[in-house]
Every structure is written in structure tokens, then in C-alpha cells.
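J.: here is a sequence together with a model predicted from it:
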Amino acid sequence: MNNLPKIGVPLLIALTFGLLLVAKSIVTIGSGEAGVEYRLFGGGVVTDEPPLDEGLRFILPWNSVFIYEVRQQEVFEKMNVLSSNGLDIQLEASAWFQPKYEDLGKLHKEKSEAYKQRILLPAIRSAARSVVGRYTPEQLYSSKRDAIQTEIFVETQKIVDDQYIQLNEILVRDVTLPPSIKEAIERKLKQEQESLEVGEKLVEAQDQRLAGKYENAEQLEKAYIELEKKLGTKEKAEEKPEANKEEPKEEAKKEKEKESNILDQLWDEASSGEKFKPETLKQLTEMKATELAQMHLAYRQQANKDNVGQKKLSQEDVTQLKGVVGGAENYDNMLKWATQNLKQGEIQMYDKVMELGDPLAAYFAVQALAYRYQDQSGKDGQMITGKAPSMSGDVFKSQAQVVQAMGDPRYDKDPAYRQEVQQKLERSNIEF
């Protein structure tokens with residue numbers, strides 16, 4: 001009995017030590033997590049084996065495990081960047097990311113658990129400053145938001161792809177411009193919209209006029225009566241009693257009346273919905289082919305004369321309209337851009353306004369088109385005088401093509417190549 005206490009104490013110590021070893025050897029890895037093992041006597045961080053998966057894991061008691069979340073995560077970043085003209089822009093963005101599962105050991109060994117602060121956030125800031133610096137405040141505010149978001153994603157992905165980080169998406173949540181710049185852009189957009197509305201109203205009003213210039217039937221009737229009076233006075237003044245010419249004139253008059261009568265008869269009988277009269281058909285068959293041809297030519301000549309009176313813009317009007325966009329060369333470049341980028345209906349509406357010959361309507365149409373050309377061409381305050389884009393029919397078909405194009409050394413060095421890639425990206429429908 002005296003020996004029992006001496007044996008119990010060592011057993012108690014051994015049992016306690018064993019429990020401690022077991023506790024140190026058991027590691028619990030939660031849902032959506034993975035572990036990186038560090039072997040004290042086995043080369044340090046394990047990089048040549050897969051990470052420890054979810055569940056209960058057993059390791060040697062002198063080793064340790066670092067646990068990482070491998071599900072998709074989100075990080076927010078708010079930064080100040082400069083636009084292409086040096087204005088301060090406040091940009092708020094977030095990134096969806098996760099560590100690459102198979103490279104988790106290398107991530108821990110080379111980047112540590114603070115990889116978000118050391119790698120990801122600096123990469124987002126660098127890409128955002130590079131991309132936003134290519135655009136004007138107006139483009140950031142209106143038309144280029146989606147393109148900027150995509151470019152920041154591609155630029156950031158190029159930086160972190162070999163850093164064992166999988167980038168899933170970049171979201172531009174807010175772009176804050178200086179108040180004065182924002183108000184100026186809103187005024188410009190409002191003026192552009194008002195110019196388009198005025199042009200459309202002028203076209204509509206012109207279409208509603210009778211014979212292109214009369215607002216109602218009374219005005220048209222009054223003008224017709226005045227025209228008849230003028231023509232009657234002119235005919236009386238031109239009549240001369242020349243007996244030797246009277247007979248040929250009578251023959252020509254009878255021949256013309258004959259042609260006019262047969263044409264009028266055909267039109268009246270066709271309009272009535274009934275069959276042609278036998279007398280009319282007989283008269284038509286008795287006419288020679290040359291007579292029918294002459295009648296048709298006379299009709300076409302008269303139709304051409306009727307169209308000659310259409311109003312046209314003077315050379316001075318044309319020069320002033322081209323001056324709206326900075327001269328003839330800029331105007332030609334704008335028209336080339338319009339044929340490649342506008343819808344067919346918009347082009348037809350623009351042509352219809354110009355064909356009216358109304359200088360005021362043409363001015364508003366050119367001004368509205370110039371606003372859109374200026375916005376899409378990426379200039380602030382002046383028109384582009386270079387060549388129009390030549391890649392309007394080309395698009396990216398996959399994310400890999402976008403990355404390949406932006407990875408080209410010319411993308412960072414050649415502004416023209418970068419502009420082509422950006423325009424091609426805008427026309428593409430790619431989900432990242």
C-alpha cells in the first residue's frame with residue numbers, strides 16, 4: 001500500500017503529458033478553409049503537397065498549421081486618382097478574390113497571411129490610376145464606366161495572376177467628380193439633348209407643311225391663284241400675231257392636247273376602278289411606239305423640272321456648317337465615324353434634315369452629331385482630326401483574347417493601339 005502513491009504520481013504525469021501530445025496533434029479545419037502545415041524538423045512550410053482539407057486532422061505535436069479562408073472574399077478600396085487632364089477623381093471599388101487552393105503553401109511561404117494588404121490592394125490602386133488616367137471626367141461620368149471597370153479588372157489580373165491570387169471580379173461602385181466639373185458635364189449633356197429635340201421638331205414641322213412650305217390648304221390655294229395670275233399675264237405679253245408661225249403652233253398644240261388627253265383619260269379611268277373604255281384602248285393601239293416613247297420622255301422631263309425647285313444649302317451655308325466642327329477635314333472625319341458607329345435610322349434622320357436645305361435645322365443636326373463624335377472620340381473641348389476608327393466590325397470573343405490584347409507591349413507604349421483595344425472592348429459582350 002505504501003508503494004501505490006509512488007507509482008500513481010508517474011502515471012498521472014505520463015497521462016497528462018500524453019493528453020497534451022494528443023491535443024497538440026489534433027487540428028480542426030472549418031468549412032471553406034484549408035490548412036498549411038509547418039514542419040519543424042521537415043523543411044518548414046509544406047509547398048509540394050496539397051493543403052490540409054476541411055475536418056479533423058492529425059499532425060505531429062511539434063508541427064503547426066496555418067489556416068486560410070479559401071472561399072470567395074471581398075475587399076473594398078477608396079482612392080483618389082487623376083483623369084487624363086489632371087483633375088482629381090474619387091473612385092470607390094471592390095474586388096472579389098480568393099487564394100489559389102493548389103498554391104496555398106507557396107502563398108503562405110512567400111507572401112504571408114497579410115497577402116491582401118501586401119499584394120492585392122496595391123495592385124488595385126495601381127491599375128485604377130493607370131486606367132482612369134486615360135479618360136476625361138466626362139467619359140468617366142457617362143459612357144465609359146463599364147469599359148473602365150473591365151480595364152481595371154484586366155490590369156489587376158495581370159499583376160496578381162503570378163502571386164497565387166485568383167481575381168474573380170472588379171466592381172467600380174462610385175465615381176465622384178469635383179462639383180464644378182459635374183455641373184459642366186450635365187449642362188453639356190442637356191444641350192446635346194435639346195439640340196437633338198430641336199432638330200427633330202424642325203423635321204416634323206417641315207414634313208407637316210403642304211408642298212414643303214405651306215402650313216394649311218388656304219395658304220396653298222392662295223399661292224396657286226397668284227401663280228395662275230402671273231402665268232396668265234406672262235402668256236399674254238408673249239403672244240405675237242405672226243401668221244406664218246400660227247399654223248405650226250396650232251399643230252403642236254393639237255398634238256400636245258392629244259397626248260395630254262390620252263394620259264388624262266387613262267388616269268381617270270384607272271382611278272375610277274372600272275375597266276378601260278373600248279374607245280380609249282382603240283386610241284392607244286392606234287398610236288405609234290415612237291409616240292408612246294415621246295409621251296413617257298415628256299412626263300419624265302416634267303417630273304424632273306418639278307424636283308428642280310427643291311431648296312438647297314448655299315456654299316456659304318456649307319462652309320459655316322463645316323466650321324462648327326473645325327473645318328472640312330474634321331467634318332469629313334465626323335461623317336466617316338458616323339457611318340461606322342451610328343444606327344441606320346439615325347443616319348437616315350441626319351440625311352433627311354440636311355436634304356431639307358434649312359440652314360437652322362442643319363446647324364442643330366451638325367452640332368448634335370459633333371457632340372456625340374466628340375464624346376466617343378475621347379477628346380475634351382476639341383475635335384479629333386485623325387483617321388476614323390477602323391475596327392468597328394471586330395469584337396473580342398473571350399476573356400483570354402482581352403488579356404492577350406492588353407498584355408501586348410504596344411498597349412502601354414502606343415496610344416493608338418490602346419484606343420483600338422478599348423473601342424473593340426466596348427463593342428464586345430464579355431462577362432468576366
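T.: Right, received. Where do you want to start?

J.: list the buried residues in stretch 105-118.
T.: In terms of neighbour count (16 or more other C-beta atoms under 10 Å), stretch 105-118 has its buried residues at Gly105, Lys106, Leu107, His108, Lys109, Lys111, Tyr115. In short, each C-beta sits where N, CA and C put it, glycine included.

J.: can I get these in CSV including pLDDT?
T.: Listed next are those as CSV, based on pLDDT from 0 to 100:
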residue, pLDDT
Gly105, 94
Lys106, 94
Leu107, 94
His108, 93
Lys109, 92
Lys111, 92
Tyr115, 94
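
J.: wait, isn't Gln163 in contact with Arg118?
T.: No: contact criterion C-beta atoms under 8 Å: Gln163 and Arg118 do not qualify, at 9.3 Å.

J.: who touches both of the two?
T.: Taking C-beta atoms under 8 Å, 6 or more residues apart in numbering as the criterion, Gln163 and Arg118 both touch Lys111.

J.: residue boundaries of the strands in the stretch 51-200 of the chain?
T.: Secondary structure of the stretch 51-200 of the chain (DSSP state E, counting those that start in this stretch): strands at 55-58, 64-69, 73-82, 88-99, 165-176.

J.: so which of those strands is the most packed in?
T.: strand 88-99 (a mean of 19; mean count of other C-beta atoms under 10 Å).

J.: mind saving the C-alpha coords of that strand as CSV?
T.: Only the C-alpha atoms of strand 88-99 are listed here, as CSV (Å, rounded to 0.1, in the frame of the first residue of the first chain):
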residue,chain,number,x,y,z
ASP,A,88,-8.7,64.8,-59.0
ILE,A,89,-11.3,62.0,-59.2
GLN,A,90,-12.5,59.9,-56.2
LEU,A,91,-13.0,56.3,-57.1
GLU,A,92,-14.6,53.6,-54.9
ALA,A,93,-14.1,50.0,-56.0
SER,A,94,-14.3,46.5,-54.6
ALA,A,95,-12.7,43.2,-55.6
TRP,A,96,-13.9,39.6,-55.4
PHE,A,97,-11.0,37.2,-54.9
GLN,A,98,-9.8,34.0,-53.3
PRO,A,99,-6.3,32.4,-52.8
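
J.: what is it packed up against?
T.: For strand 88-99, the packing partners by 3 or more C-beta pairs under 8 Å, 6 or more residues apart in numbering; DSSP states H and E come out as strand 73-82, helix 121-132, helix 145-160, strand 165-176.

J.: for Ala368, which of these is the nearest?
T.: helix 145-160 (22.5 Å; C-beta to C-beta).

J.: list the buried ones in that closest one?
T.: 147-157, 159-160.

J.: Val75 is in contact with Leu120, isn't it?
T.: Yes: using C-beta under 8 Å, Val75 makes contact with Leu120 at a distance of 6.4 Å.

J.: list residues touching both of those two?
T.: Ala95, Phe97.

J.: now the helices and strands packed on strand 88-99 in a markdown table, with distance to Lys336 and mean pLDDT?
T.: Listed next are the helices and strands packed on strand 88-99 as a markdown table, based on distance: least, C-beta to C-beta, whole Å; pLDDT from 0 to 100:
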| stretch | distance to Lys336 | mean pLDDT |
| --- | --- | --- |
| strand 73-82 | 32 | 93 |
| helix 121-132 | 28 | 93 |
| helix 145-160 | 22 | 91 |
| strand 165-176 | 31 | 92 |
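
J.: out of the ones you listed, the one nearest Gln367 is which?
T.: helix 145-160 (25.3 Å).

J.: output the below-cut-off pLDDT ranges for the stretch 151-300 of the chain.
T.: Regions of the stretch 151-300 of the chain meeting the criterion pLDDT under 70 cover residues 182, 185-186, 189, 192, 199, 201-221, 223-225, 227-276, 280-282, 284-300.

J.: coming back round to it: as a markdown table, the helices and strands packed on strand 88-99 with distance to Gln340 would be great.
T.: As requested, the helices and strands packed on strand 88-99 are exported to a markdown table (distance: least, C-beta to C-beta, whole Å):
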| stretch | distance to Gln340 |
| --- | --- |
| strand 73-82 | 31 |
| helix 121-132 | 25 |
| helix 145-160 | 18 |
| strand 165-176 | 28 |
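
J.: out of these, which comes closest to Gly327?
T.: So among the helices and strands packed on strand 88-99, helix 145-160 is nearest, using C-beta to C-beta, at 29.7 Å.

J.: helices or strands up against the closest one?
T.: Helix 145-160 packs on strand 88-99, helix 121-132, strand 165-176, helix 399-407, helix 415-427, going by 3+ C-beta pairs under 8 Å, 6+ apart.

J.: can you list the strands that the first one pairs with?
T.: In the sheet, strand 88-99 lines up against strand 73-82 (antiparallel), strand 165-176 (antiparallel) (DSSP bridges).

J.: got the ones you listed as TSV, with distance to Glu279 columns?
T.: Converted to TSV, these look like this (distance: least, C-beta to C-beta, whole Å):
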stretch	distance to Glu279
strand 73-82	88
strand 165-176	81
